[in-house]
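**Q** Fold the following and give me the result.
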Amino acid sequence: MQTVLLLSAIAVVAFLYSSVGHGGATGYLAVAALLGLTPAVARPGALWMNCAVASIAFWRFQRAGFFDWKIFWLLAAASIPCAWLGSRLHLEGTAYALVLGGALLAAGWFLGWGRRASTDVLPPRPVLWPLTVLAGGGLGFLAGLTGIGGGVFLTPLLIFLNWTPAKVAGGISALFIVVNSVAGLVGLGGKALVWQPVFIGAVTVGVAGALLGTHLGVNRWRTTTFRRALASVLWIAAGKLILTGK
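**A** Next up is the predicted model:
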């Protein structure tokens, strides 16, 4: 029964997150916390799923013209080494639970309510490269530390600053998630090679969910209600982590 619940939840998370250009690591970690999976399995598993799902999201969004290489490289230049550094810290136990719980609380807000209305009708503001590099480094470090890709924070930030249209922000976040996830896996070293038979099923349902989610997302499918429902799940998981410390 736990396997069925896990695979079903992964498919739903991949579907919903990919529709806005995300890999879903915060969702996978929330599911893992609710089902009682250990961080030693959940953390690398979420990063591997991020690589698969966010790669599909990047492919879909970039192919449709929703991407900006200049902004991406400014972010990635700082995020990749910082994601590697964060992953080397290997937080465990209560410390990991509190950091991840705080990240899930913030992620829930950004996903459900923190993204203001699209500013696609307004001309984008000039990109400030020092702030872009600083944001990339901070989000990369958080990604490596907690086992997420950082896109759940990057997309609303790009939209809030009006540096890109909403769909372009999704495309940038997708590749940002991929490179941070790869850096995080490299930083984990041998711990990234955790093997569970259920991983095959997880990747299969995740890819299927991502293919459908990105197809609808690129074609302007509205996901506000779904993001808010998913944000509630993140908050439940965050509460469990913070109150129990595991």
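
**Q** by contact count, what packs against the host helix or strand of Ala210?
**A** Element membership for Ala210 (DSSP states H and E) is helix 198-218. Helix 198-218 sits against helix 2-18, helix 39-63, with contacts defined as 3 or more C-beta pairs under 8 Å, 6 or more residues apart in numbering; DSSP states H and E. Yep, even glycine has a C-beta here, placed from its N, CA and C like the rest.

**Q** Please, where are all the strands along this protein?
**A** With DSSP state E as the definition, the chain shows no strands.

**Q** Helices of that one, start to end?
**A** Using DSSP state H, the helices of the chain run over residues 2-18, 25-35, 39-63, 69-87, 93-112, 129-146, 151-160, 166-188, 198-218, 224-244.

**Q** And the fourth one, what's buried?
**A** Going by neighbour count (16 or more other C-beta atoms under 10 Å), the buried part of helix 69-87 is 71-72, 74-87.

**Q** which sections of the protein are below the confidence cut-off?
**A** Within the chain, the segments meeting pLDDT under 70 span 90-92, 111, 114-123, 220-227, 229-230, 233, 244-246.

**Q** Give me the angle between the helix holding Ala210 and helix 166-188.
**A** Angle, helix 198-218 to helix 166-188, by axes from the mean of the first three to the mean of the last three C-alpha atoms, to 10 degrees: 160 degrees.

**Q** Convert the C-alpha atoms of helix 198-218 to PDB, please.
**A** The C-alpha trace of helix 198-218 is given here as PDB (Å, rounded to 0.1, in the frame of the first residue of the first chain):
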ATOM      1  CA  VAL A 198      10.600   1.300  -6.500                       C
ATOM      2  CA  PHE A 199      12.800   3.900  -8.200                       C
ATOM      3  CA  ILE A 200      12.100   2.400 -11.600                       C
ATOM      4  CA  GLY A 201       8.300   2.900 -11.100                       C
ATOM      5  CA  ALA A 202       8.900   6.300  -9.700                       C
ATOM      6  CA  VAL A 203      10.800   7.500 -12.700                       C
ATOM      7  CA  THR A 204       8.300   6.000 -15.100                       C
ATOM      8  CA  VAL A 205       5.200   7.600 -13.500                       C
ATOM      9  CA  GLY A 206       7.200  10.900 -13.000                       C
ATOM     10  CA  VAL A 207       8.100  11.100 -16.700                       C
ATOM     11  CA  ALA A 208       4.500  10.300 -17.700                       C
ATOM     12  CA  GLY A 209       3.200  13.000 -15.400                       C
ATOM     13  CA  ALA A 210       5.800  15.500 -16.600                       C
ATOM     14  CA  LEU A 211       4.900  14.900 -20.300                       C
ATOM     15  CA  LEU A 212       1.300  15.600 -19.600                       C
ATOM     16  CA  GLY A 213       1.900  18.500 -17.200                       C
ATOM     17  CA  THR A 214       4.300  20.400 -19.400                       C
ATOM     18  CA  HIS A 215       2.100  19.900 -22.400                       C
ATOM     19  CA  LEU A 216      -0.800  21.600 -20.600                       C
ATOM     20  CA  GLY A 217       1.500  24.200 -18.900                       C
ATOM     21  CA  VAL A 218       3.000  25.400 -22.200                       C
END
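
**Q** List of residues touching it?
**A** Residues outside helix 198-218 that contact it (C-beta atoms under 8 Å, 6 or more residues apart in numbering): 3, 6-8, 10-21, 24, 45, 48-49, 52-53, 56-57, 59-61, 64, 66, 167, 170, 223.
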